[in-house]
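> turn this into a model:
(one chain, ligands or ions: 1)
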Amino acid sequence: MEEWDEYYHSMHGAYNEAMHVYVESGLAFWSAQDSSKNKPCSIFEMGFGTGLNALMTLEYAHLHNLDIVYNTIEAFPLQYREIQELDFDSFFKLENSKNYLRELHLSPWDQNIRLSPNFSFLKNKMLLKNFKPIISYDLIYYDAFGFRVQPEMWSLEALRPIVHALAPHGVFVTYSAKGSVRRSLEALGLKVFRIEGPPGKREMLRAIRA
Ligand SMILES: C[S@@+](CC[C@H](N)C(=O)[O-])C[C@H]1O[C@@H](n2cnc3c(N)ncnc32)[C@H](O)[C@@H]1O
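Presented below is the predicted three-dimensional model:
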């Protein structure tokens, strides 16, 4: 029971963090800007992982009538079986969420699909260092593992191609509040803000292409 409790709390924590960092501080912020009116939002996510960020974005798009073009990369995909074991059901916001999550995982790699009328989806199976953006993005979810585990993902060199792909008025969000990341984003020409972090974390970063 204790283990289950811990598991439930960490799942709940992950969900709340993703909701705060990517959906509320990223997508909701972007869509509240005047420049975004009546425009689809193109999103790049670094690290597809469990698909939770993608699903939450799809749900938000449905509930707020937004059009989303979503592109994510993942070098080490999880099996859908492993995702089912995580049991996300209590977080689902739409009747169809379970099916959407399944399709996010089981749809083919490197192929554009229209998952719902207002959500088109492309996942590329590749390492960040091999990713060459070909479109510009209105919103970037930078969700790499932490600096302590993968410092190379947070270097200016790793961030450069992604940041260069950010459209005018585009928004970059990450859970990290690290000084070196903030300075790299500034050096790459973004205006960087330290904003309130998710529950349990004091700060996070939001950066904007002015
Ligand atoms: C913090 S997790 C992402 C969580 C995810 N956004 C979600 O909603 O569950 C980071 C992800 O980056 C992937 N990853 C690690 N190194 C990578 C690399 N060099 N290129 C692409 N993906 C990488 C990991 O396999 C992991 O799934």
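> interface residues of the chain facing the ligand?
Within the chain, the residues that sit near the ligand (CB under 6 Å from any ligand atom) are 18, 47, 49-50, 52-53, 73-76, 127-128, 143-145, 150. Glycine gets a C-beta too; all of them are placed from N, C-alpha and C.
> what two of those residues are the furthest from one another?
18 and 127 (22.5 Å; CB to CB).
> these two: who's more crowded?
residue 18 (23 against 11; other CB atoms under 10 Å).
> wait, a helix at that one?
Yes. Per DSSP: H, G, I helix; E, B strand; the rest coil, residue 18 lies within a helix segment.
> which residues sit against the helix or strand residue 54 falls within?
Here residue 54 sits within helix 52-64, counting by DSSP states H and E. Contact with helix 52-64 is made by 14-15, 18-19, 22-23, 27-28, 31, 43, 45, 48, 66-68, 70, 72, 88, 91-94, 97, 100-101, 104, 115-116, 118-119, 121, 141, 143, as judged by CB atoms under 8 Å, 6 or more residues apart in numbering.
> so for it, mean pLDDT?
Taken as a whole, helix 52-64 has a mean pLDDT of 97.
> report the distance from the very next helix or strand once past it to the chain centre.
Going down the chain from helix 52-64, the next helix or strand is strand 68-73, by DSSP H and E. For strand 68-73, the gap between its own C-alpha mean and the chain's C-alpha mean amounts to 9 Å (CA atoms, centre = their mean, to the nearest Å).
> cool, stretch 45-58 as well?
6 Å.
> likewise stretch 26-46?
12 Å.
> from one end of stretch 109-121 to the other, what's the distance?
Terminal residues of stretch 109-121 lie 10 Å apart, using CA to CA, to the nearest Å.
> how about the secondary structure of residue 38?
When classified by three-state DSSP, residue 38 comes out as coil.
> check the gap between it and the ligand for me.
Distance of residue 38 to the ligand, computed by CB to the nearest ligand atom, to the nearest Å: 28 Å.
> next: residue 114.
Residue 114 is 21 Å from the ligand, by CB to the nearest ligand atom.
> and the nearest residue to that residue once chain neighbours are set aside, helix, strand or coil?
Distances taken as CB to CB, 6 or more residues apart in numbering place residue 120 nearest to residue 114, at 5.0 Å, with adjacent residues excluded. Using three-state DSSP, the structure places residue 120 in strand.
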